[in-house]
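Participant: what's the 3D shape of this:
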Amino acid sequence: MKMNQRNNSIAIVGMGKTGISVASFYKEYGLRCEAFDERQATLPEGMDIPLHIGPLNADELAQFKRIVVSPGVPWQHPELLALRQRGADVIGDLDVFVEHSQASLIAVTGTNGKTTTTEMIGLLLETLPGGCLTGGNIGRPMLDLLNEKTPPQRMALELSSFQLERSHGLRAATSIFLNIQADHVDAHLSDEEYLNAKLKLFEHQQAGSTAYLPAESRWDNLAEKLLSRDIRVHRFGFVKQGSVEEESVSAGVYRGPDGCGLFWHHEGHRVDISCSNIPARGSHQHLNVAIAAQVASDEGVHLDVICEAITSFRGLPHRLRNLGKVRGYEWFDDSKATNPAAAIAALDSFDRVLWICGGLRKGIDLAVLKHAVSQHVEKAFVIGSDPQSFAALLESANVPYEVVGTMQAAVTAASKHGSKIPVLLSPAAASMDQFENYAHRGRVFLQSIQALKGASA
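Facilitator: Numbers count the residues shown, from 1 in each chain. Here you go, the predicted model:
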């Protein structure tokens, strides 16, 4: 009897936030589910489905009509590979979302900048009739978006490589590929596999839809292929004011003799805003905002609304956020910088800083940081479980440093430096060696700064 039940049931593998959202979604449809997790897990009160804790078994999972795998479960798990080789229906929550959503989908991926771009798009498009919701890797599971009593006409999803690699049917109206940098080398078979997962964003995109690609030459062939499929292509990036390249870019950030600004095109005309009028700091954030502005213009958002949003945007938490001045220092929280590329973008936003760095390196080579560190770092304070790698980087860059271990010690040491230049937390590493996640790391940074106010000078 159990076998017959499973033939019409769904197996959900990985019972974190995503797995629970999948189970809740299918429960609304009256479908029978069973939950599987190799680690200890608990289900929310009222979710009365079987929960199996222990090693996955392909023979057992093959009994089910469909297997939905959460992003936190390795796609190359031997038992999942065996299932796919048998031809089993093994998918992620993104395919479930695509099957049931009627909204126009804006999909955003890239190593860095996904959340800022997605949130800004959502902020702008929610002003349109029918509105817009954001979700996915951004925090709110995408299937939860389908529970709205009045579904929005548009949805903007931040998509990770883990969500994309297990997708088979994504067809976004707008697909945005921001960048690719070394990251997650501990979770993908190779850099090529990581890139291929990201590029699944465009695999099934249909004629009449829109794709966004960086203006770098390495993406020219992909742009041509998309154009040959009658997909509209926007290129974006950093350009020199007055250059030939500037003419071929739809949106981006320009640099000229009088400073920098961001631009995009609205109803056939270029719009420019000086970076000095944007509260959010950092050229990488300005580029993300320019992309969002172009999406909003294409969707019909009024120009005044876009300009007002841009000139009042102060950035998202833990993304180069100015926390104010304490003890004569300005403190900047860029805890979301979990890889070298993100940290380089933050460092390049300053002349000189005191740099708090370190954490879980995930096997990523830090050598790419050397130039930015030597140019912008007055002194570094190293936290985390792998200080030796950061110490080696700082020595090669000829930058003074202290291995301080904890966030509290780093903040205290920086506050005693005496130079009164900005203090930047931009770790260039993941957080899980000492914190729950990057947001927790950012909160501890803020708490440590606040503790300075009550301490004796």
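Participant: quick one: low-confidence residue ranges for this protein.
Facilitator: Scanning the chain for pLDDT under 70 picks out the ranges 1-4, 182-189, 455-457.
Participant: who's in contact with the residue most central in space within it?
Facilitator: Closest to where the C-alpha atoms of the chain average out (Cα atoms, centre = their mean) is Lys114, at 3.9 Å. Lys114 sits next to 108, 137-138, 158-160, 178 when contact means Cβ atoms under 8 Å, 6 or more residues apart in numbering. Any C-beta I mention is one placed from the backbone N, CA and C, and that applies to glycine too.
Participant: and the residues you listed, which two are furthest apart?
Facilitator: Spatial extent of those (Cβ to Cβ) is set by the pair Ile138 and Leu178 at 13.7 Å.
Participant: give me the more crowded residue out of the two.
Facilitator: With neighbours defined as other Cβ atoms under 10 Å, Ile138 and Leu178 compare such that Leu178 has more, 23 against 20.
Participant: can you tell me, leaving aside adjacent residues, what's nearest to the more buried one?
Facilitator: By the measure of Cβ to Cβ, 6 or more residues apart in numbering, the closest residue to Leu178 outside its immediate chain neighbours is Gly110, 2.8 Å from it.
Participant: what does Glu216 give?
Facilitator: Counting by Cβ to Cβ, 6+ apart, the residue nearest Glu216 is Gly237, at 6.7 Å.
Participant: secondary structure element for that neighbour?
Facilitator: strand 232-240 (DSSP states H and E).
Participant: any idea how far the following helix or strand past that strand is from the chain center?
Facilitator: Sequence order places helix 244-247 as the next helix or strand after strand 232-240, per DSSP H and E. Distance, stretch centre to chain centre, for helix 244-247: 28 Å (Cα atoms, centre = their mean, to the nearest Å).
Participant: which helices and strands sit right next to helix 244-247?
Facilitator: strand 232-240 (3 or more Cβ pairs under 8 Å, 6 or more residues apart in numbering; DSSP states H and E).
Participant: buried sites along the strand it packs on?
Facilitator: 233-239 (16 or more other Cβ atoms under 10 Å).
Participant: could you list every helix and strand in contact with it?
Facilitator: Using 3+ Cβ pairs under 8 Å, 6+ apart, strand 232-240 sits against strand 210-214, helix 220-228, helix 244-247, strand 251-256, helix 283-299.
Participant: pretty sure the residue nearest to Glu216 contacts Gly252?
Facilitator: Yes - between Gly237 and Gly252 there is a contact at 4.9 Å, judged by Cβ atoms under 8 Å.
Participant: where do the contact lists of those two overlap?
Facilitator: Counting by Cβ under 8 Å, 6+ apart, the residues touching both Gly237 and Gly252 are 215, 287.
Participant: identify the residues contacting Leu199.
Facilitator: Contacts of Leu199 (Cβ under 8 Å, 6+ apart): 177, 222.
Participant: make that Ala293, sorry
Facilitator: 124, 251, 262, 264, 271, 306, 310 are the contacts of Ala293 under Cβ under 8 Å, 6+ apart.
Participant: tell me the bridge partners for the third one.
Facilitator: Okay, so that is Leu262. Leu262 forms beta bridges with Val253, Ile273, as assigned by DSSP bridges.
Participant: that older thread, kindly reformat the contacts of Lys114 as JSON lines containing distance to Gly14 and secondary structure.
Facilitator: Below are the contacts of Lys114 laid out as JSON lines (distance: Cβ to Cβ, whole Å; DSSP: H, G, I helix; E, B strand; the rest coil):
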{"residue": "Val108", "distance to Gly14": "23", "secondary structure": "strand"}
{"residue": "Asn137", "distance to Gly14": "14", "secondary structure": "coil"}
{"residue": "Ile138", "distance to Gly14": "18", "secondary structure": "coil"}
{"residue": "Glu158", "distance to Gly14": "19", "secondary structure": "strand"}
{"residue": "Leu159", "distance to Gly14": "17", "secondary structure": "coil"}
{"residue": "Ser160", "distance to Gly14": "14", "secondary structure": "coil"}
{"residue": "Leu178", "distance to Gly14": "26", "secondary structure": "coil"}
